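**Q** sequence plus the predicted model coming up.
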Amino acid sequence: MSGHSKWATIKRSKAVVDAKRGKAFTKVTKEIMAAAKQGGGDQNLNPRLRTAIAAAKAVNMPSDNIKKAIMKGTGELAAEAMDEIVYEGFGPGGVAVMVETTTDNKNRTPSEIRSLFAKHGGNMGEPGSVAWMFEKKGVINVPKSAIGEDDLMTIALDAGAEDIETEDANNYVVKTMPTDFDAVVEKIKAKIKVELESAEVMMVPKTYMAIEGKAAEQLLKLLDALDDHDDVQKVHANFDIDDELMEKLRS
């Protein structure tokens with residue numbers, strides 16, 4: 001599993017703790033609003049909204065909060081104007097970083113993101129400086145305890161999946177085109193008896209950069225700082241850190 005994938009797994013395990021501080025609620029509320037604004041308030045017709053609602057439920061957001069966020073997104077309730085902006089840059093060791101944000105202040109957010117890059121040994125780049133190193137994919141983590149590899153392969157590929165990776169000790173990683181993501185998720189969910197570890201459309205690196213030592217430590221601090229920012233929805237980076245070193249840095 002790439003370093004970024006392992007970091008993402010660790011990050012997800014923090015979500016419930018963050019929810020207690022309200023941080024996760026803030027992030028999923030913004031995502032629900034953005035999804036509803038883009039594709040409407042009916043989750044049956046809006047895959048992005050359906051994914052956002054699932055993320056909200058995963059951190060135990062009350063149903064009333066979810067409903068209000070949808071209504072703010074569709075304009076049924078008054079809300080601040082929200083803009084979705086992607087920032088690009090380089091972390092320690094030259095690692096490419098993409099930062100997806102949803103903000104109500106287009107002047108404040110870029111300066112704060114730029115400051116975080118600078119503080120942790122990176123620098124924010126111009127639009128397009130690293131986007132070419134990534135491609136948008138659906139990524140579905142399926143617990144290995146829930147289904148055999150052959151069965152999953154048959155179901156996922158028949159539903160339109162592109163690839164299945166098995167290197168992760170605990171999960172199969174199913175990758176899809178964004179247009180096939182929803183169909184593949186539904187087919188897998190219909191077959192297994194447990195919840196998916198995760199399922200989202202994200203920017204996946206085309207290649208990974210190995211990084212170690214002080215640069216690896218600085219990079220993880222940068223990614224954590226970016227992820228902790230209230231306006232940041234997702235952080236993507238093309239790094240690979242040795243499993244043993246990752247565990248040491250995370251302990």
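**A** Thanks, I have the structure now.
**Q** who touches the longest strand out of those in the chain?
**A** In terms of residue count, the longest strand belonging to the chain (DSSP state E) is strand 134-143. Strand 134-143 has contacts (C-beta atoms under 8 Å, 6 or more residues apart in numbering) with 9, 96, 98, 152, 156, 162, 168, 170-178, 180-181, 184-185, 188, 192, 194, 196-206, 236, 238. For the C-beta atoms, the positions are set from N, CA and C on the backbone; glycine is no exception.
**Q** what about that strand, distance to the chain center?
**A** Mean C-alpha position of strand 134-143 versus that of the full chain (C-alpha atoms, centre = their mean, to the nearest Å) differs by 9 Å.
**Q** likewise for stretch 159-176?
**A** 16 Å.
**Q** likewise for stretch 86-100?
**A** Taking the mean of its C-alpha atoms, stretch 86-100 sits 15 Å from the chain's own mean (C-alpha atoms, centre = their mean).
**Q** next: stretch 241-251.
**A** 20 Å.
**Q** got the CA positions of it in PDB?
**A** Output of stretch 241-251 as PDB, limited to C-alpha atoms (Å, rounded to 0.1, in the frame of the first residue of the first chain):
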ATOM      1  CA  ILE A 241       6.800   5.900   2.800                       C
ATOM      2  CA  ASP A 242       8.100   2.600   4.000                       C
ATOM      3  CA  ASP A 243       5.600   0.800   6.200                       C
ATOM      4  CA  GLU A 244       8.000   0.500   9.200                       C
ATOM      5  CA  LEU A 245       8.900   4.200   9.000                       C
ATOM      6  CA  MET A 246       5.200   5.200   8.700                       C
ATOM      7  CA  GLU A 247       4.400   3.300  11.900                       C
ATOM      8  CA  LYS A 248       7.300   4.900  13.700                       C
ATOM      9  CA  LEU A 249       6.300   8.400  12.600                       C
ATOM     10  CA  ARG A 250       2.700   7.800  13.500                       C
ATOM     11  CA  SER A 251       3.400   6.400  17.000                       C
END
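**Q** tell me which of the contacts of strand 134-143 fall in helices.
**A** Counting by DSSP state H, those place 9, 152, 156, 181, 184-185, 188 in helices.
**Q** let me have those in a markdown table, extended by neighbour count, pLDDT and distance to residue 248.
**A** Below are the ones in helices among the contacts of strand 134-143 laid out as a markdown table (neighbours: other C-beta atoms under 10 Å; pLDDT from 0 to 100; distance: C-beta to C-beta, whole Å):
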| residue | neighbour count | pLDDT | distance to residue 248 |
| --- | --- | --- | --- |
| 9 | 16 | 59 | 16 |
| 152 | 22 | 93 | 32 |
| 156 | 26 | 93 | 34 |
| 181 | 26 | 91 | 34 |
| 184 | 24 | 92 | 35 |
| 185 | 25 | 90 | 34 |
| 188 | 22 | 92 | 34 |
